[in-house]
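Asks: build the 3D model from these lines:
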Amino acid sequence: MKKHILILLLAIFPAISFAASSAHLDTAPIDIHDKDSIKRGAKTFADYCYSCHSAGFMRFNRIAKDMDMSDDEIREMMIFTRDKKGEVTKVGDLMNVAMSTDYAKGAFGGPVPDLSLTARSRGANWLYTYLRTFYADEGRPSGMNNTTFPDVGMPHVLWEQQGIKKPVYVTEEHAGVSVKRIESFDTVQAGSMTEEEYDAFVADLVNFMVYVAEPVQVERRELGVYVLIYLAIFFVFAYLLKKEYWKDVH
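Replies: Alright, predicted model coming up:
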């Protein structure tokens, strides 16, 4: 039985290795201590993501508290919606959306995912790369495709900022088989931002999503330092106590 399991693992390992090596992700310039960046990202999320995507584990007033904002400031910056009952969203509410699952299936082919934990499940680098690798594809319903998430159902909601790009393909030989690969992009229509400005714009959005995925991570890391210091001091006393108990044996 063990031999069969080992053979199976050896058989699938090359495929896993190839898949992992073929996926290129850019490094996201994330700084969870930069509250100004997170605020800009929150504004972008509210303007371009929140009409479809919820962040149902987060409350508006939690963002206000962590970002040193008043309820009026967070209301002006992020709250433009009503809940599924038609009532005006309050600052203490969760960041849910009014879009129904049936409407999402009809418009996008499936339910629109909640983004509360996407930065943890996918990773900041994945999000950063994904939001910067849309390209024109007439074969897709939205007219757009994505190299990081092929055949994605989501349209490129930030196309006005980034512009529209078309892929430049290169043909490579793999074991005698010709394979087309996207090497670069050409700009079809310029956006309102330069490439550097758009990268910074996306970085702020991803920074906000990293914060939403774990709002206590700054405090957790600071507390972790004190825990390690405590354990180091405790180790000294524990070692001395051990030597005291075992001195007659040794």
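Asks: got a list of contacts for stretch 60-78?
Replies: For stretch 60-78, contacts defined as Cβ atoms under 8 Å, 6 or more residues apart in numbering pick out 35, 38-39, 42-43, 45-46, 50, 79, 89-93, 95, 211, 215. Glycine gets a C-beta too; all of them are placed from N, C-alpha and C.
Asks: any of those buried? List them.
Replies: 35, 38-39, 42, 45-46, 50, 79, 89, 91, 95, 211, 215 (16 or more other Cβ atoms under 10 Å).
Asks: widest-spaced pair of those?
Replies: For the buried ones among the contacts of stretch 60-78, the farthest-apart pair by Cβ to Cβ is 35 and 89; their separation is 22.9 Å.
Asks: can you tell me which residues contact the nearest residue to residue 45 once chain neighbours are set aside?
Replies: With sequence-adjacent residues excluded and distances taken as Cβ to Cβ, 6 or more residues apart in numbering, residue 45 is closest to residue 208, at 5.6 Å. Counting by Cβ under 8 Å, 6+ apart, residue 208 touches 37-38, 40-42, 44-45.
Asks: over to residue 110?
Replies: 104, 153.
Asks: do you know how far it is from residue 246?
Replies: The gap separating residue 110 from residue 246 is 64 Å, by Cβ to Cβ, to the nearest Å.
Asks: same thing with residue 149?
Replies: 59 Å.
Asks: repeat that for residue 239.
Replies: Distance, residue 239 to residue 246, using Cβ to Cβ: 11 Å.
Asks: cool, and residue 161?
Replies: According to Cβ to Cβ, residue 161 stands 68 Å off from residue 246.
Asks: higher neighbour count, those two?
Replies: A count of neighbours by other Cβ atoms under 10 Å puts residue 161 above the other of residue 161 and residue 246, at 16 against 9.
Asks: element containing the more buried one, please.
Replies: helix 159-162 (DSSP states H and E).
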